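K.L.:
how would this look folded up:
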Amino acid sequence: MTHDSPAHETLWKLIKDIRFAMLTHRTSSGMLHAHPLTTQNRKVDEKGELYFFIPQSGELYERLLTDGEVNVSYADPGADSYVSLSGQARFSDDMALKEALWSPAAQAWFPGGVSDPDLSLLVVRVRHAEYWDVDEAKITQLFKMAKAVVSGEPPRSLGEHKELAMP
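P.N.:
Below you'll find the predicted structure:
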């Protein structure tokens, strides 16, 4: 997610204040499974990467070692904004990066601190992003939907929808 694109900036604006993301991956049987995770980024990453702390002893760690294709989704129903990110997961042992991302909230999950042996830094390199951002008042949205029901035409101009290929 680079700083030079208004769409990329909008994408970061949409996810930066959402506390939890849902990370979806494939299990060994091919079934899709999702986990709630806290995004550790404090700003947009120039490499198009998102960071999460997960336990190395958990099932998610093992599953992502086998298949790193993931989807990360964010939803803010109150603001009518939704984001879907597809990418490749990997793990990083970069202690400086772990320290930079560390927060008091992470301490609750990893009592040994940033050097807790169970702490893994999950890195998701975003390759494709899509977002929907409705900025109209609820009453306007309801009017447009009611009009669509009467006219038989889908509602138009309910906000911004973009797909982004990531570098």
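
K.L.:
Just give me the longest strand of this protein.
P.N.:
Criterion DSSP state E: the longest strand present in the chain is strand 119-133.

K.L.:
Alpha carbons only: can I get it in CSV?
P.N.:
What follows is strand 119-133, C-alpha atoms only, in CSV (Å, rounded to 0.1, in the frame of the first residue of the first chain):
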residue,chain,number,x,y,z
LEU,A,119,5.3,-15.0,19.8
SER,A,120,5.2,-15.2,16.0
LEU,A,121,5.0,-12.2,13.7
LEU,A,122,2.7,-13.0,10.9
VAL,A,123,3.3,-10.9,7.8
VAL,A,124,0.6,-10.7,5.1
ARG,A,125,1.9,-9.3,1.8
VAL,A,126,-1.2,-7.8,0.2
ARG,A,127,-1.5,-8.5,-3.5
HIS,A,128,-5.1,-7.5,-4.2
ALA,A,129,-7.5,-5.2,-2.4
GLU,A,130,-11.1,-4.3,-2.8
TYR,A,131,-13.2,-1.9,-0.8
TRP,A,132,-16.7,-0.5,-0.5
ASP,A,133,-17.2,2.8,1.2
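
K.L.:
Can you list the strands that it pairs with?
P.N.:
strand 49-55 (antiparallel), strand 81-92 (antiparallel), strand 160-165 (antiparallel) (DSSP bridges).

K.L.:
show me what contacts D118?
P.N.:
55-57, 110, 112 (Cβ atoms under 8 Å, 6 or more residues apart in numbering). Bear in mind the C-beta positions are built from the backbone N, C-alpha and C, glycine included.

K.L.:
Any chance of those in JSON lines with pLDDT as columns?
P.N.:
Formatted as JSON lines, those follow (pLDDT from 0 to 100):
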{"residue": "P55", "pLDDT": "97"}
{"residue": "Q56", "pLDDT": "96"}
{"residue": "S57", "pLDDT": "95"}
{"residue": "F110", "pLDDT": "96"}
{"residue": "G112", "pLDDT": "95"}
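
K.L.:
Could you pick out the buried ones from those residues?
P.N.:
Among those, the ones that count as buried by 16 or more other Cβ atoms under 10 Å are F110.

K.L.:
Closest to L64 out of the contacts of D118?
P.N.:
Nearest to L64 among the contacts of D118, counting by Cβ to Cβ, is Q56 at 10.8 Å.

K.L.:
how about the helices of this protein, start to end?
P.N.:
Taking DSSP state H, the helices of the chain run over residues 6-15, 59-66, 95-101, 104-109, 138-151.

K.L.:
Nothing else from me, thank you.
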